[in-house]
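Visitor: I need the structure of the sequence given here:
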Amino acid sequence: MSGWGRSDTLWIERVAGLDGWDLWAVCEGGRETLKTPSFVQVRAAAERHMAGRPEVASYSEPAPTRVTFLSGRIADLIGLSPEMHQTLCARSQFQEWMAAATRKGLVHYAAQPDAHEGGRPRGTISVGIDAAWLGGGESGAQVAATEMVRELARRSEIESVTLISESGGVPARLQGIGNVSGAAWSAVLASDTPAVDIMHRPYQPGTDVDYRRYHRVASCVAITVLDFIAYDNPNYHESEWAWRQYQQVFDENVCLADCVFAISRSVGTRLEQQFTHQLAGKVRPVLLGTDHLRTVAEPSAPAQLGPAVGALENRRFLLVLGNDFEHKNRDFAVKVFADMRDRGYDGQLVLAGFHLDLGSTFGHELLGASGYTAQVIRLGSVSSAEKAWLLRHAQAVLYPTSAEGFGLVPFEAAAFGTPTAFVKFGPLAEALPDVDACAAWQVRAFADHVFRLLADPEQQVAQIQAAGADLTWSAYVDQILVGYHDMLSPGAPWRARSRQLPTWQTRLQRAADVLAYRARRKLRRLAGRPS
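Guide: Sure thing, here's the model as predicted:
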């Protein structure tokens, strides 16, 4: 409410609200403001935000009504007494009530003022998405970001979603959506005013994050943390120095964000523990949606399939879906497959997923195949259509991963009626609490589990589908919007803190250090070659 004009006093009046709780209207202009049609509209909006949600402390609309509604549910918490009804209060007193609600961890909502000539609809939010990772082959991170954008675009309170990248393009899967557009960084940085209200990077805050650019194009910044896998594992980096650099930048990027989302409570708890008292506000864990999988179309074989996938038609096979990072444990899956073959299984094992240069099992994952190497088929990266066909036709999916931020594969498989063998830990235990799973990463126990799934696949598939029933992208975006509104509210914690963004000299020095490090490594490799 700092932009409301110059009056040092505000009118406060209690009005009837929902569920038997009063609303406290705080406004400029005295009682006459409460009689205008726009006041009635704002009151209705406040009631919608507060209905059934006692944690919502306030709803504000800066213009034209210049009114904030405080929830009667929290009056005693913030020191708002009945004697204040139909009186004037000091602006400083109102600001203290808002700050007290923030200290209590309550939520503030604020409709955004019209920022452009001719104006957009009042109360809407413009969102910028760092689209650097939205191109290329399909990954879980891309699926999550894409579905989030689709659902945001459906919401009336979202004015626009702008995908910002170096090229400014819109990926094919997001083209044709009315209020989704692309923009190049060069274009949005050329403007003298912020292009969007919120900048959101909906995947890992890696070394390519640049808060100086973010804050030039947006009022505030949100990030989504997917996992700590690369953070914890030095093998996923070219050297220990590179690993430490990654950790340093990750720490900085998390702590600079105005809002941090996590894709599971497991990740959120780790963030809270590791960055206690360093974050702008509480971490917001929100499980991903899975309902997009219910409408995935299966391609007809072999017309839409590559020859390697098409050759699997009418064959029995188990499927491992995912890249060959160490934590995906494809080498373990091969050992499980060999044990099953020893015990009478007569199908093949298909390893589908892209190859990585660092931290990969590719070079040793077939060592445990025993005499069954010829029955292990490594497809490499597959298209979306091929992935769908493989999931439909596999007898079971082996998913022996030992580190995830969420774990989408069991839901993907169940959407096609296929069971998944996995160990229930961390986020998988959170998202799939009542699903049959293996207790340990032991070859014989895991193979026994797969045999049970082959004997009765329908039971586990039904369990997974039931677990995913409430995991919708609508519910996911509901919680994302709570975070957005909190960032934009007058009492948001980030507004009162001083950001220590890295200086351009620091960024330049880091870039120079990286170049110097890589040059030294190349020289050492060249020096080690025989003449």
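Visitor: what about Ala439, how many neighbours?
Guide: Ala439: 11 surrounding residues under other Cβ atoms under 10 Å. Just so you know, the C-beta spots here come from the backbone N, C-alpha and C atoms, and that holds for glycine as well.
Visitor: contact partners for it?
Guide: Residues counted as contacts of Ala439 (Cβ atoms under 8 Å, 6 or more residues apart in numbering) are Val423, Lys424, Ala445.
Visitor: per-residue pLDDT of it, please?
Guide: According to the prediction, Ala439 has pLDDT 89.
Visitor: got the phi/psi numbers for it?
Guide: Dihedral pair for Ala439: phi -90, psi -20, per degrees, to the nearest 10.
Visitor: where does Glu151 fall, phi/psi-wise?
Guide: When read as degrees, to the nearest 10, the backbone of Glu151 gives phi -70, psi -40.
Visitor: quick one, what contacts it?
Guide: Contacts here follow Cβ under 8 Å, 6+ apart; on that basis Glu151 touches Gly289, Trp473, Ser474, Tyr476, Val477.
Visitor: quick one, which of those residues are buried?
Guide: Using 16 or more other Cβ atoms under 10 Å as the burial test, the contacts of Glu151 include Gly289, Trp473, Tyr476, Val477 as buried.
Visitor: just checking, what packs against the helix or strand the last one falls within?
Guide: Meaning Val477. Here Val477 is covered by helix 473-488, with elements defined by DSSP states H and E. Using 3 or more Cβ pairs under 8 Å, 6 or more residues apart in numbering; DSSP states H and E, the elements in contact with helix 473-488 are strand 107-110, strand 125-130, helix 140-154, strand 196-201, strand 218-225, strand 259-262, strand 284-285.
Visitor: same list (the ones you listed) but as JSON lines, adding distance to Ala51 and mean pLDDT.
Guide: Output for those, formatted as JSON lines (distance: least, Cβ to Cβ, whole Å; pLDDT from 0 to 100):
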{"stretch": "strand 107-110", "distance to Ala51": "12", "mean pLDDT": "74"}
{"stretch": "strand 125-130", "distance to Ala51": "20", "mean pLDDT": "94"}
{"stretch": "helix 140-154", "distance to Ala51": "21", "mean pLDDT": "89"}
{"stretch": "strand 196-201", "distance to Ala51": "24", "mean pLDDT": "94"}
{"stretch": "strand 218-225", "distance to Ala51": "25", "mean pLDDT": "92"}
{"stretch": "strand 259-262", "distance to Ala51": "23", "mean pLDDT": "95"}
{"stretch": "strand 284-285", "distance to Ala51": "21", "mean pLDDT": "94"}
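Visitor: out of those, flag the one nearest Asp331.
Guide: Smallest distance to Asp331 across those (Cβ to Cβ): 20.8 Å, for helix 140-154.
Visitor: next structured bit after that closest one?
Guide: As assigned by DSSP H and E, the chain's next helix or strand after helix 140-154 is strand 158-165.
Visitor: quick one: strands adjacent to whatever helix or strand comes next after that following strand?
Guide: Remark: after strand 158-165, the chain's next helix or strand is strand 180-184, criterion DSSP H and E. Partners of strand 180-184 in the sheet, by DSSP bridges, are strand 158-165 (parallel).
Visitor: tell me if I'm right that Ser266 and Ala431 touch.
Guide: No - if you go by Cβ atoms under 8 Å, Ser266 and Ala431 don't touch, sitting 9.6 Å apart.
Visitor: more neighbours: which of the two?
Guide: Ala431 (26 against 22).
Visitor: let me see the contact set for that one.
Guide: Neighbour list for Ala431: Ser264, Leu287, Phe406, Gly407, Ala467, Leu471 [criterion: Cβ under 8 Å, 6+ apart].
Visitor: for this structure, what helix or strand is lowest in average pLDDT?
Guide: helix 504-528 (a mean of 61; mean pLDDT, DSSP states H and E).
Visitor: before we move on, the earlier item: filter the contacts of Ala439 to the buried ones?
Guide: In the contacts of Ala439, burial by neighbour count holds for Val423, Lys424, counting by 16+ other Cβ under 10 Å.
Visitor: how about the contacts of Ala439 in JSON lines, adding secondary structure, distance to Val397 and pLDDT?
Guide: Putting the contacts of Ala439 into JSON lines (DSSP: H, G, I helix; E, B strand; the rest coil; distance: Cβ to Cβ, whole Å; pLDDT from 0 to 100) gives the following:
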{"residue": "Val423", "secondary structure": "strand", "distance to Val397": "13", "pLDDT": "94"}
{"residue": "Lys424", "secondary structure": "coil", "distance to Val397": "15", "pLDDT": "92"}
{"residue": "Ala445", "secondary structure": "helix", "distance to Val397": "17", "pLDDT": "94"}
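Visitor: tabulate the contacts of Ala439 (a markdown table), appending distance to Val254.
Guide: As requested, the contacts of Ala439 are exported to a markdown table (distance: Cβ to Cβ, whole Å):
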| residue | distance to Val254 |
| --- | --- |
| Val423 | 28 |
| Lys424 | 28 |
| Ala445 | 37 |
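Visitor: tell me which of the contacts of Ala439 is nearest to Glu13?
Guide: Using Cβ to Cβ, Lys424 is the member of the contacts of Ala439 that lies nearest Glu13, at 54.0 Å.
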